[in-house]
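1. Please work out how this folds:
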Amino acid sequence: MTSNNKYVVEKNKNLPKDRPIIFAATHGLKDDIAIGLCAAGRHTYLLFASLPDFYGTFDGPSLWLNGVMLLDRKDKDSRRAAKDKMEYAISLGADILMYPEGTLNKTENLIVQKLYPGIYDVAVKCNALVVPIAIIQEGKNVYAKTCDAFDICKYERQEGLNLLRDLMATAKYELMEEHSRINRAEIGNAKEYWKNCMDDLVNQMLPFYDYEIEDSSQYIDKSETTYSQAFEHLGYIIPNHNNAFLFNKRLR
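-> Now for the predicted structure:
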């Protein structure tokens, strides 16, 4: 009710009704929640983690009336309890909408970020299907696409999460192909263009945007080596003829 954008939703009318559904939506813009609920095409309980927005805006009472499970991302016990809340809601016959990336996708090159594994755990525990929802914004138009149901329970944990992420990214890319019209010439200076995009995204959510939590809550796979870890040795080795090759920029 508070958005000035136009929603264009491609709903899926063939979703099964004999098993509970967890809708897994991409997360990258202010209107994600509203259009995600529209795209589901049925009543769903929302897993919601933006506490300043919930308690400080008109959206909070609206979400409460819809049905919402609150999550404090800064509190480990709250994060653990979120899975119990989802399982309980599903046991009572509810479907769930969540955003398994955990934070807004502000990366420059990832269509979908790594997913928090809780969605897999809850789906397996409740024998639920997962339905990806892809969302993008182009100007004043926000587009959403609801995909076919995915039986993540058939796979081992990491394989299931990887396949779900692929499905979400594919659907989002298809929306980008269809609706994104900007070309390279219009971008101009890439760094400046990206900074303006991020500023515009954050400004839409002020004053309730939580910089600390949004910048620190992206899921980190501890089994993967990050860029900073791979090159941290450059900060303490003493250059000489034998190790100079390590500073070659082509290795980065």
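2. Need the nearest residue in space to residue 213, chain neighbours excluded.
-> residue 73 (5.3 Å; CB to CB, 6 or more residues apart in numbering). Every C-beta, even on glycine, is put in place using the N, C-alpha and C of the backbone.
3. can you map out the helices along the stretch 151-252 of the chain?
-> Assigned by DSSP state H, counting those that start in this stretch, the helices in the stretch 151-252 of the chain fall at 157-179, 184-187, 190-203, 211-214, 227-230.
4. Can you say which of these is nearest to residue 117?
-> helix 157-179 (6.0 Å; CB to CB).
5. list the helices and strands the closest one packs on?
-> helix 118-126, strand 129-138, strand 141-146 (3 or more CB pairs under 8 Å, 6 or more residues apart in numbering; DSSP states H and E).
6. Can you spell out which helices and strands pack onto the helix or strand encompassing residue 62?
-> Per DSSP states H and E: residue 62 is located in helix 59-66. In terms of contacts (3+ CB pairs under 8 Å, 6+ apart), helix 59-66 is packed against helix 32-40, strand 45-48, helix 51-56.
7. quick one: contacts for residue 44?
-> Taking CB atoms under 8 Å, 6 or more residues apart in numbering as the criterion, residue 44 is in contact with 21, 23, 37, 67, 94-97.
8. Correction: the previous question concerned residue 236.
-> Contacts of residue 236 by CB under 8 Å, 6+ apart: none found.
9. count of neighbours near residue 121?
-> Per other CB atoms under 10 Å, the neighbour tally for residue 121 reads 14.
10. any idea how far it lies from residue 162?
-> Taking CB to CB, to the nearest Å as the measure, residue 121 falls 15 Å from residue 162.
11. Could you do residue 243 as well?
-> Residue 243 is 36 Å from residue 162, by CB to CB.
12. ok, now residue 206?
-> Applying CB to CB to residue 206 and residue 162 gives a distance of 35 Å.
13. which of those two has more neighbours?
-> Taking other CB under 10 Å, residue 206 and residue 162 do not tie; residue 162 has more neighbours (14 against 7).
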